[in-house]
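In: Sequence and computational prediction follow.
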2 protein chains.
Amino acid sequence: MPNPTAAILIIGDEILTGRTREGNAHYLAGELVKVGIDLRQIRVISDDHATIVAAVRELSASHDQLFTSGGIGPTHDDITADAVAEAFDARLDVRDDARAILAAHYAARGVDFTPARLRMARIPEGATLIDNPVSGAPGFSIGNCHVMAGVPNIFQAMVTGLLPRLTGGQPLMSRDWMVMVPEASIADQLRALAETHPEVSFGSYPFVQEGHYGTNLVARSTDAAALEAGFAALQTAFPEGK
Amino acid sequence: MPNPTAAILIIGDEILTGRTREGNAHYLAGELVKVGIDLRQIRVISDDHATIVAAVRELSASHDQLFTSGGIGPTHDDITADAVAEAFDARLDVRDDARAILAAHYAARGVDFTPARLRMARIPEGATLIDNPVSGAPGFSIGNCHVMAGVPNIFQAMVTGLLPRLTGGQPLMSRDWMVMVPEASIADQLRALAETHPEVSFGSYPFVQEGHYGTNLVARSTDAAALEAGFAALQTAFPEGK
């Protein structure tokens, strides 16, 4: 059975204007590999209602799982919950379970539960909450779409709570091998390796270090024995690597 | 006249498997802001021919400019040129001008011009070359699609050569203001500011620093006078910021 597929949708003008370097997709990509969910696409879009609705509809229909990051805070530009609710034709309103979580969180810290904060208790009908141990305000899963915060430590905490709920597959394993030769010098041998080890994916990533050309080689497979065989062949082909 | 729009397409399994943290999109996003080209989408996809063809067709049709990164090296998994040529229904073959550039580059460095390296002289018919002052092998522009290398220093050098060729618009300007209060505490005032300054976009980005909640506020506009007025109002509303 093939692994489940996934897409990540990052919502935020701050990424598209170059202000913030996105890191949540990179974090989640590493976690998905471990649980055998194949990430097929990462997409970054702006804080625009119609754009979010269209992207959520498209990506949730074409992947087994969709993860979103950003736009679920208390301010006027936090419009992700509204857009996701519309994408799934679900009603959005303050929900008692989410309000109770927020009320308890703020009460324990002596913080006012203001109308702006109540906005974060707006959850689509039928959605399951995603726990936020950092700042209280929950994310949610509706259908195959998992809506999480953009603040990195909150996003990571939500991913930790969410992933055990999802059905994974065969984890993708990898082995790295670095050679201090230009990529072009090894292209033919690498192509031959790829042909003789069809269950292994070989990637090559050139770099320049203090004026010297080198290449990072990566063998990847969901089959442990095939990976070891392919990696042994890689080491034999390029014995000077490390 | 509205600014031209753009999308960035990043091609590479190494991003989707969490091995590499992508940085080229972040770099280019910052450069596009300066020349007044509005970045609307960043998309990361895998090294798969059909996926690249479909994404290039979709994103080049829906944006004024499309920039790609990755997959134009000498190895078997470098398939971007083939896919972009197909997306534009153009013939792909070794081109004399690209071959001459590579021959001169390698001759000057005493490096063999191997068949694997010749692969990098395959350029779609009708495309314009993009100079690569770092390692010789050029990128290319076909239609509104600009195909560049994934290695960060080569990508940045190509962007530097390419951008002056493109038609820009009004640069998006921004001013930052940091306040040491939680985002929810300022949500109402921020919404009011957004309503009274419609030509300014106000963003708020919460953070936690040594246990204290803070919010970075950003005012953005293509209109310098509107930006200064909006930013002055922001400073008046939150005088403790810096």
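Out: Alright, I've got the coordinates. Predicted model, so just to flag it, every value in this text is computed and none were measured.
In: For stretch A:25-40, the averaged confidence score.
Out: Averaging pLDDT along stretch A:25-40 yields 97.
In: Check the offset of that stretch from the chain's centre.
Out: Relative to its parent chain, stretch A:25-40 has a centroid offset of 6 Å by Cα atoms, centre = their mean, to the nearest Å.
In: Could I get the buried residue list for it?
Out: Neighbour-count burial for stretch A:25-40 flags A:25-29, A:31-33, A:35, A:37-40 (criterion: 16 or more other Cβ atoms under 10 Å in any protein chain shown). Where you see a C-beta, it was placed from the backbone N, CA and C, and this is true even at glycine.
In: does any part of it sit near chain B?
Out: Yes - counting by Cβ under 8 Å from any Cβ of the partner chain, chain B is contacted by stretch A:25-40 at A:25, A:26, A:27, A:28, A:29, A:30, A:31, A:32, A:33, A:39, A:40.
In: Same question for the last one, what's its three-state structure.
Out: To tie it back to what came earlier, the one meant is residue A:40. Of the three states, residue A:40 takes strand under DSSP: H, G, I helix; E, B strand; the rest coil.
In: contacting residues for it?
Out: Neighbour list for residue A:40: A:5, A:6, A:7, A:63, B:16, B:45, B:46, B:51 [criterion: Cβ atoms under 8 Å, 6 or more residues apart in numbering or on different chains].
In: ok, residue A:177 touching residue A:217?
Out: Yes - counting by Cβ atoms under 8 Å, residue A:177 touches residue A:217, with 4.5 Å between them.
In: list the helices and strands the helix or strand containing residue A:59 packs on?
Out: Element membership of residue A:59, judged by DSSP states H and E, is helix A:49-62. Secondary-structure packing of helix A:49-62 (3 or more Cβ pairs under 8 Å, 6 or more residues apart in numbering or on different chains; DSSP states H and E): strand A:5-11, strand A:38-45, strand A:65-69, helix A:80-87.
In: and of the ones you listed, who's closest to residue A:119?
Out: Closest to residue A:119 of the helices and strands packed on helix A:49-62, according to Cβ to Cβ: helix A:80-87, at 8.7 Å.
In: what mean pLDDT does the helix or strand that the closest one is followed by have?
Out: For helix A:80-87, the following helix or strand on the C-terminal side (DSSP H and E) is strand A:92-94. Mean per-residue pLDDT for strand A:92-94: 97.
In: Angles on the backbone of the residue nearest to residue A:227 when sequence neighbours are not counted, please.
Out: Distance criterion Cβ to Cβ, 6 or more residues apart in numbering or on different chains; nearest residue to residue A:227, sequence neighbours excluded, is residue A:221 at 4.0 Å. Dihedral pair for residue A:221: phi -160, psi 160, per degrees, to the nearest 10.
In: List the contacts of the helix holding residue A:59.
Out: Contacts of helix A:49-62 (Cβ under 8 Å, 6+ apart): A:7, A:9, A:11, A:41, A:43, A:45, A:66, A:68, A:71, A:79-80, A:82-84, A:86-88, A:143-145, B:40.
In: next one: stretch A:2-11
Out: A:22, A:24-25, A:28-29, A:32, A:36-47, A:52, A:55-56, A:59, A:62-71, A:80, A:150, A:166-170, A:222.
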